[in-house]
Structure formats: C-alpha cells, structure tokens
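Visitor: quick one: sequence and predicted model below, then my questions.
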Amino acid sequence: MQASDTGSSSNGDIVGKEDMQAAVFYGPNSISVERAPSPFLQGRPALEVKSCAVCGYDVRVFRNGHRKVSPPVILGHEICGQATENIDVRGGVRIRKGSRVALYPIVPCLACQYCHAGQYNMCTDLQEIGSTLDGGFAQYVGVPEQTIKIGGLVQVPDGLSDEEASLLEPLACCLNGIYQMGPFAAPARPAVIIGDGPVGLLHLQLFKNLVGARTAVVGRVQSRMHKARSMGADAVLEYGDDDDDVVAAAVLDFTGKTGAGSVVIAVGSPAAFDLAVKVAGKNSKISLFAGMPGAQRFSFDANWLHYNQVSVMGAFSSVPGRLEEAARLAKEGIVDLSQIVTHRYSLAEVEKAIHTAETYSGLRAVINKF
Ligand SMILES: [Zn+2]
Ligand SMILES: [Zn+2]
C-alpha cells in the first residue's frame, strides 16, 4: 500500500475522504483488492482498521459463499480499529479520536424481543459487520448507529497489541459459549475440547484459567497440539478418521472413567459430535460452538440424553458485555492472545491469509495495517 493511499492528510484529518483500499468479496473464490467507497460517504463514524483477523467463517464464505452474504461486500469481523473522531457510546462513555477499540460485529434491530432482553446475538433481524455489511478487510470500517447505542465499541487496554485486540471478538464468543455451559460446580469437573484451532485453544485457556478445570484437547494438527500442551492442557489426544473408539477410551481415562462435565465442539466436523457423545458424562453439557457444513444432522440415543441429564447446546457470537470482559481477561493475563496470532499479512495479501487459515498453518492469521 502506498503512502498516498492511506487517505490521511498531513494533520491526520480524514474528512472528505471518499474512497479507500479494500478487499472486496465478489463471490466464491473471487476477492479483489481495489479502491472502494469509504464509510465516510455515508456520514457515519468510522474506524481506521489496525488489525483484522481471518476467521474460519471468512474462509467458508470466500470458498463457498453463504446464504446470508450478498456480494459485493467486504468481509472481516474480528477487528481492532482506531476512532477517527470522538464517538459517544452508551452509558455516557466517550471513545476519543485516536483511541483503539474492539468492534462488536452484530448489528441488531433493537426492536425484537431478544434485543429488548439485550441478547443481540439472538436478534431475529440482525446484520453482521464483515458478512452482510462491509467489514474489516479494508482501510476503514463504518460504525452503525445501533453499535453506538448498544456499547458495541470496547476500549482496547494499553498493554494489548493491535493484532491481539483483533482477537477480543472471538474470545468474547468463547466466553459466551462458556457461560452457556455454566454455572460450574467447584471443583469443576474435567472439560474436553474437540478441536485444536484458535477457538479450541481459547476455550482451553478459559477452562484452565477462568473455570479451573482439568482440560483435555483432542486435535489432529501436530503444531497446534504442541501449542495446546504449552498452554497447559492436562492431556492432548490425537484423533484420525476411523479411531473414534480409541480416542474416546483415552478421553474417558482422562476423566477418571466418569466422562467429562463439559465438552466443546470447536471444529466444524460431524465426527466431532459422535466423539462428544461418547465422552460426555452424566449431568454434562455439550456446546456446539463450531459452524457445521450445511444441513448437517446429528443423531444420538434419546434415552442416553434422558437418563444422563445431558444438555446439548449451541453457542453463537456474543454480546457487548462479553467483549468488555474479554478485554479485561486479556489485560489481566488470564488469557494470552499473543500466542494465538501466528501469521501476519498486509491487506494486499488477503488471499494468502485465507489460504493460511484454511490449511491449518499455525493458528490465527491477521491482516495488519503496516
Ligand atoms: Zn470470527
Ligand atoms: Zn432484534
């Protein structure tokens, strides 16, 4: 990106700026880094994007499209941005020009029963930044009115880098999943996380450092499994395609034969559900965190569910309060986000970043403003 493309004049003022550099998604396997209209044209507050991480969702949309995505649109919803003007958000909080924020990507209708209850991720008529609305694979991202009303801009603590801050959004989603599964008895029963990707390892940190549970990770990528060990997993088990029973037996051994109290499915693979059912104990909770291939169905024995009082639950996105909590946990070192970022790219390299994400190289790939 050339200096003249940044859109900032010498005093840093961006008023009057009409276009920007952006990676525009045009449909499956088609993304173009080009000039695009900037959010300033719509007269809305905007953030200058400092970092935007590549999520598995971005990979799926890029490869296959998605029923809710109408191209052309700019993807990217894990965003750390810098305010280009003072923005007054809910609760009399002023985000000052130049300060860094994490952006809550759900844009709720504010009219449905879920919105009235503050459950914006359950809104019946929601929009999403980086999916149905232009997102963070660009120089600037607009801040919708609803985002301001619900406190969807969260100040980034000083100690966090831009790229770490881009991961506050997925961390907030993991927190949402964890709270769906709680409250946890003390001492917490063993937890099992199926999936060794970024989301699996964020869950690992939360189960270890927040819940205080012995935690096993079931994975299949050596480098990620190694990382799980270094992050304090009490057991790391490998699974292939046909050895479900072998892994299930090993996981049950880990739980002292009684089965896990919590099982998180953090990989979009149908086989993960079968494994979860085999390793979940009585009074346990299974959280389906990962999105699955379209029209995926699962089956299990209804009496197993009944007699063992197992709960199977979903988890999707989060709410602004979780994003605030994510910022606090990262600031206090309860979660170390720096370990999750492994690859860095410029906006022009967005396809390379997507490729890195889909080939399970490292953990999170991040698009940085250099
Ligand atoms: Zn994401
Ligand atoms: Zn709503």
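Guide: Structure received. Ligands and ions are numbered 1, 2, ... in the order given.
Visitor: what sits against residue 198?
Guide: 167, 170, 340, 363-364 (Cβ atoms under 8 Å, 6 or more residues apart in numbering). To be clear about C-beta, it is placed using only N, CA and C from the backbone, and glycine gets the same treatment.
Visitor: roughly how far out does the helix or strand hosting residue 237 sit from the chain middle?
Guide: Using DSSP states H and E, residue 237 maps to strand 235-238. In terms of Cα atoms, centre = their mean, to the nearest Å, the centre of strand 235-238 is set 23 Å apart from its chain centre.
Visitor: next one: stretch 163-176
Guide: Once both centres are worked out by Cα atoms, centre = their mean, stretch 163-176 turns out to sit 6 Å from its chain's centre.
Visitor: average pLDDT for it?
Guide: Across stretch 163-176, pLDDT averages out at 98.
Visitor: before we move on, back to that, among the contacts of residue 198, which are in helices?
Guide: Within the contacts of residue 198, residues falling in helices by DSSP state H are residue 170.
Visitor: just the helices in the stretch 51-200 of the chain please.
Guide: Per DSSP state H, counting those that start in this stretch, the stretch 51-200 of the chain carries helices over the ranges 56-64, 113-116, 145-149, 162-166, 168-181, 198-206.
Visitor: just checking, what packs against the first one?
Guide: In terms of contacts (3 or more Cβ pairs under 8 Å, 6 or more residues apart in numbering; DSSP states H and E), helix 56-64 is packed against helix 350-358.
Visitor: could you give me the buried positions within the helix it packs on?
Guide: 350, 353-358 (16 or more other Cβ atoms under 10 Å).
Visitor: now the residues you listed as CSV including distance to residue 330 and pLDDT?
Guide: Shown next, in CSV, are the buried residues of helix 350-358 (distance: Cβ to Cβ, whole Å; pLDDT from 0 to 100):
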residue, distance to residue 330, pLDDT
350, 25, 97
353, 22, 97
354, 25, 97
355, 27, 96
356, 23, 95
357, 21, 94
358, 26, 93
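Visitor: farthest-separated two in these?
Guide: Spanning the widest gap among the buried residues of helix 350-358 are 350 and 358, at 12.7 Å by Cβ to Cβ.
Visitor: domains of this structure?
Guide: The chain resolves into domains spanning 3-167+340-368, 173-314 when parsed by automatic domain parsing.
Visitor: interface residues of the stretch 1-150 of the chain facing ligand 2?
Guide: 108-109, 112, 115, 123 (Cβ under 5 Å from the ion).
Visitor: re earlier: quick one: which of the helices of the stretch 51-200 of the chain is nearest residue 101?
Guide: Nearest to residue 101, of those and by Cβ to Cβ, is helix 162-166 at 8.3 Å.
Visitor: tell me the pLDDT of residue 302.
Guide: In this prediction, residue 302 carries a pLDDT score of 95.
Visitor: count of neighbours near it?
Guide: By the measure other Cβ atoms under 10 Å, the count of residues near residue 302 is 8.
Visitor: the strand or helix carrying residue 21 - contacts with which helices or strands?
Guide: In the assignment (DSSP H and E), residue 21 maps to strand 19-27. Counting contacts by 3+ Cβ pairs under 8 Å, 6+ apart, strand 19-27 packs against strand 30-37, strand 73-74.
Visitor: buried residues in it?
Guide: 19-25.
Visitor: adding pLDDT and distance to residue 131, write the residues you listed out as TSV.
Guide: Listed next are the buried residues of strand 19-27 as TSV, based on pLDDT from 0 to 100; distance: Cβ to Cβ, whole Å:
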residue	pLDDT	distance to residue 131
19	91	22
20	95	19
21	96	20
22	97	15
23	98	14
24	98	14
25	98	10
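Visitor: for residue 310, give its distance to residue 218.
Guide: Going from residue 310 to residue 218 by Cβ to Cβ, to the nearest Å gives 18 Å.
Visitor: quick one: which of these two has more around it?
Guide: Neighbours were counted for residue 310 and for residue 218 using other Cβ under 10 Å; residue 218 has more, 29 against 20.
Visitor: surely that one is in contact with residue 248?
Guide: No. The criterion here is Cβ atoms under 8 Å, and residue 218 misses it with residue 248 at 9.5 Å.
Visitor: intersection of neighbour lists for those two?
Guide: Joint contacts of residue 218 and residue 248 (Cβ under 8 Å, 6+ apart) are residue 275.
Visitor: rewinding a little: which residues are in contact with the helix or strand just after the strand holding residue 237?
Guide: Of the helices and strands lying after strand 235-238 in sequence (DSSP H and E), the nearest is helix 244-254. Residues from elsewhere that reach helix 244-254, judged by Cβ under 8 Å, 6+ apart: 190, 192, 214, 216, 218, 234-235, 237-239, 259-260, 271, 274-275, 278-279.
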